[in-house]
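1. sequence unknown, structure follows:
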């Protein structure tokens with residue numbers, strides 16, 4: 001899986017709402033946790049500086065007066081006295097709460113107090129301001145510590161910084177969501193109608209998309225007026241006739257013969273989207289003036305086209321191949337001069353693969369090609385059985401119909417290999 005900034009930007013644009021909600025959600029969680037659940041730490045400090053003759057003598061040493069006094073104040077004796085003065089904390093607790101450090105290169109040093117409540121930090125800092133000079137004076141009687149800055153009562157905790165942590169949460173949520181959506185996009189093998197990289201992931205040309213977003217579609221059945229004559233029917237499908245006409249032009253342009261020859265429509269699954277798209281695609285071919293079109297349902301295992309035309313008991317391809325009927329006995333002819341004729345699958349036989357592979361099937365296709373300008377075969381799902389493999393060699397081109405959200409991109413690569421092995425020509429794929 002190769003990383004691409006262009007694809008990453010595409011993933012971000014495609015999922016910007018969910019990514020934004022994820023970032024905001026993480027920021028809110030961190031804000032609530034920092035505001036109400038994390039322990040607060042308050043800071044108070046007092047600044048001191050050495051003074052007097054003793055301090056001057058200490059300053060002449062290599063360590064300096066400030067370093068010497070910091071070392072003295074960090075001893076256990078000082079914390080014992082500080083604990084006795086404060087009263088609420090043990091010397092061990094105070095040694096963890098108080099820290100001494102120099103202020104730059106000067107002899108001024110600070111005593112910083114961190115406590116879980118503001119009053120405690122303030123009171124300890126005040127106690128240090130009173131007890132530290134006494135401790136130093138016991139060490140050197142002519143040395144003094146002066147307060148350079150008195151402690152102030154802390155109004156805000158130094159930890160946690162709620163807004164800073166919320167900003168970190170926002171950044172983490174956005175980054176995490178982007179990573180998740182990018183990995184999902186890379187690892188998701190399902191066909192998506194709006195995927196700009198579908199051709200790259202599937203390895204086959206994408207002729208177009210009829211899915212209309214893949215949601216909110218309704219399906220209607222085509223009802224016939226009388227036996228043997230097809231109704232033109234209507235559809236609540238989102239795709240327009242012009243879209244099918246454009247796909248028809250692309251398909252015919254890709255065929256080797258001007259008339260189009262025989263076409264094979266294949267999918268990897270059975271679904272209403274695929275079945276209706278095949279019917280409407282065939283009707284688009286039939287709309288070409290002066291060019292008759294016949295659609296042959298070659299799925300003898302679980303035929304579906306008869307349900308759209310209310311032809312459940314009509315004889316079809318199965319009877320033609322097994323009982324020797326003629327094409328005229330099984331063709332449901334359209335009432336329009338340039339309408340669509342159909343050969344339904346008929347009753348499911350016990351040996352569908354053998355019937356499709358018989359020589360009669362090739363003879364039927366050749367016979368239909370002499371009568372029709374466009375012969376379209378709708379095969380059984382290619383991934384479920386090998387019935388359609390026998391049809392690939394006799395048809396002029398193969399078009400894959402992919403169900404949005406159900407078909408998988410790896411099927412396209414396998415189908416391309418099947419078509420190549422059988423000597424056919426893969427024109428491309430249509431998402432429906």
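-> Cool, got the structure. Predicted, not measured: the structure shown is a model, and the values here were computed from it.
2. Who are the contact partners of the residue nearest the centre of the chain?
-> With distances taken as C-alpha atoms, centre = their mean, the residue of the chain nearest its centroid is residue 181 (3.5 Å). By C-beta atoms under 8 Å, 6 or more residues apart in numbering, residue 181 lies in contact with 11, 12, 14, 15, 18, 19. For glycine as for every other residue, the C-beta is placed from the backbone atoms N, C-alpha and C.
3. nearest spatial neighbour of the second one, skipping sequence neighbours?
-> The spatially closest residue to residue 12, leaving aside those adjacent along the chain, is residue 178, at 6.0 Å (C-beta to C-beta, 6 or more residues apart in numbering).
4. From residue 26, how far out is the residue nearest to the centre of the chain?
-> Going from residue 181 to residue 26 by C-beta to C-beta, to the nearest Å gives 15 Å.
5. ditto for residue 170
-> Counting by C-beta to C-beta, the gap from residue 170 to residue 26 is 6 Å.
6. ditto for residue 118
-> Counting by C-beta to C-beta - residue 118 and residue 26 are separated by 29 Å.
7. So those two - more neighbours on which side?
-> Neighbours per residue, other C-beta atoms under 10 Å: of residue 118 and residue 26, the larger number sits with residue 26, 21 against 17.
8. contacting residues for that one?
-> Residues near residue 26 by C-beta under 8 Å, 6+ apart: 169, 170, 172, 173, 174, 176.
9. Just the ones of these in helices?
-> Counting by DSSP state H, the contacts of residue 26 place 169, 170, 172, 173, 174, 176 in helices.
10. shouldn't the fifth one be in contact with residue 25?
-> No. Between residue 174 and residue 25 no contact is recorded; they are 10.4 Å apart, counting by C-beta atoms under 8 Å.
11. Looking at these two now, which is surrounded by more residues?
-> Taking neighbours as other C-beta under 10 Å, residue 174 and residue 25 compare with residue 174 leading, 18 against 14.
12. Low-confidence stretches in the stretch 151-300 of the chain?
-> Applying pLDDT under 70 to the stretch 151-300 of the chain picks out residues 212-239, 256-261.
13. Would you state the strands of it in chain order?
-> Here the stretch 151-300 of the chain has its strands, by DSSP state E, counting those that start in this stretch, at 206-209, 229-230, 262-266, 293-297.
14. Using TSV, lay out those together with distance to residue 316.
-> What follows is the strands of the stretch 151-300 of the chain, written out as TSV (distance: least, C-beta to C-beta, whole Å):
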stretch	distance to residue 316
strand 206-209	28
strand 229-230	13
strand 262-266	17
strand 293-297	7
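15. Same list (those strands) but as JSON lines, adding mean neighbour count.
-> Below are the strands of the stretch 151-300 of the chain laid out as JSON lines (neighbours: other C-beta atoms under 10 Å):
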{"stretch": "strand 206-209", "mean neighbour count": "20"}
{"stretch": "strand 229-230", "mean neighbour count": "19"}
{"stretch": "strand 262-266", "mean neighbour count": "26"}
{"stretch": "strand 293-297", "mean neighbour count": "27"}
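16. closest one to residue 411 among those?
-> strand 262-266 (9.7 Å; C-beta to C-beta).
17. helices or strands next to that closest one in the packing?
-> helix 359-371, strand 374-378, strand 397-402 (3 or more C-beta pairs under 8 Å, 6 or more residues apart in numbering; DSSP states H and E).
18. for stretch 145-165, which positions count as buried?
-> Neighbour-count burial for stretch 145-165 flags 145, 151, 154, 157, 160, 162, 165 (criterion: 16 or more other C-beta atoms under 10 Å).
19. now swap in stretch 296-305 and tell me
-> Buried residues in stretch 296-305 (16+ other C-beta under 10 Å): 296, 297, 298, 299, 300, 303, 304, 305.
20. how far away is the second one from residue 350?
-> This points to residue 297. Residue 297 is 18 Å from residue 350, by C-beta to C-beta.
21. got it, and the fifth one?
-> Per C-beta to C-beta, residue 300 is found 10 Å from residue 350.
22. Then the third one?
-> Distance, residue 298 to residue 350, using C-beta to C-beta: 17 Å.
23. One more: residue 178?
-> Counting by C-beta to C-beta - residue 178 and residue 350 are separated by 54 Å.
24. the more surrounded of the two?
-> Neighbour tally, residue 178 and residue 350, criterion other C-beta under 10 Å: the higher count belongs to residue 178, 17 against 7.
25. show me the contacts for that one.
-> 8, 11, 12, 19.
26. Please apply the same query to residue 199.
-> Residue 199 touches 205, 206, counting by C-beta under 8 Å, 6+ apart.
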